[in-house]
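Colleague: sequence and predicted structure, then a few things I'm wondering about:
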Amino acid sequence: MKEENYIAFENYISKSLSDEEVLAFEEKLSSDSEFKKDFETYKELTEFLEYSYDEEKAAKEFEANLKTISNNYFEKQEHQVQPLKKSRTFKISQLAIAATVVVLLGLFIFNRFSAPGYEDYSEHGVISLSVRGNVEDVVIKAQNAFNEKNYKDAEVHFSEILKTYSDNEEVKLYKAISQIEQDKFEEAEAILKQIASGKSAYKSEALWYAALSKLKQKDNKACIELLKSLSEDTIHYEKAQKLIDKLD
């Protein structure tokens, strides 16, 4: 693969070419079979970066395909006789392809085999509390602190709200999440256990975060048990099943 082709492929895929350059590139694809074959090889490799590995079978098939593509390419290059004046170009392009293959295979292994962590699931979203009354100022402070990921201050404000509205399950839930973020696991889990044992709309959320608390502590067995207790009609059910598969 020529060095200039490698650069042209990347510019074409990233849509960095002008309209005239795109036309010229596509014309060359139609007329130059070797150029087209090199482009397909390059595209196969770079598309890996956007590939989803949720399906294990698809991941294994892609891994095998990637290895075949890279092996075939290097076997072909080893048997080709390169003119002396092009040897530098050949070495540069071969190193570029080698680097691409190594990076892509490394990313595959990392994504495929790295253990899931709390950070992979701790997207809490922007909150807007439904509490009204004489604590509105504190509610605004609590929301802002939580949404800005200032969990220490958020916990303080949630506690202040609960002095007036001690039965508010929504506030309790977000206080527990703030505590998990600060590694106050025992306090958080006590609150979540109380919510999960009730019949409020936050029961499944409490179970989910109780599982995430265990995940953050790397207690996979306890995490799996809690995930299994989520019913099929909850919004976290599918994520829970995938997480169970990764932890088993």
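Modeller: Done, it's in. Residues are numbered from 1 along each chain as shown.

Colleague: can you pull out the low-pLDDT segments for this protein?
Modeller: Residue ranges of the chain with pLDDT under 70: 1-4, 6, 45-114.

Colleague: quick one, domains of it?
Modeller: What automatic domain parsing lists as the domains of the chain is 3-113, 119-247.

Colleague: just send those domains back as a markdown table, with mean neighbour count too.
Modeller: Bear in mind the C-beta positions are built from the backbone N, C-alpha and C, glycine included. Shown next, in a markdown table, are the domains of the chain (neighbours: other CB atoms under 10 Å):
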| stretch | mean neighbour count |
| --- | --- |
| domain 3-113 | 13 |
| domain 119-247 | 17 |
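
Colleague: which element is residue 17 on?
Modeller: In the assignment (DSSP states H and E), residue 17 maps to no helix and no strand.

Colleague: what distance do you get for the nearest residue to it once chain neighbours are set aside to residue 22?
Modeller: Excluding its sequence neighbours, the residue lying closest to residue 17 (CB to CB, 6 or more residues apart in numbering) is residue 11, at 5.2 Å. Separation of residue 11 from residue 22 (CB to CB, to the nearest Å): 10 Å.

Colleague: can you list contacts of stretch 209-216?
Modeller: Where contact means CB atoms under 8 Å, 6 or more residues apart in numbering, the residues beyond stretch 209-216 that reach it are 116-118, 121-122, 173, 176-177, 180, 183, 185, 188-189, 192-193, 196, 220, 222-223, 226-227, 230, 240, 243, 247.

Colleague: how about a cut-off of 7 Å?
Modeller: Contacts with stretch 209-216, where a contact means CB atoms under 7 Å, 6 or more residues apart in numbering, come from 118, 121-122, 176-177, 180, 185, 188-189, 192-193, 196, 222-223, 226-227.
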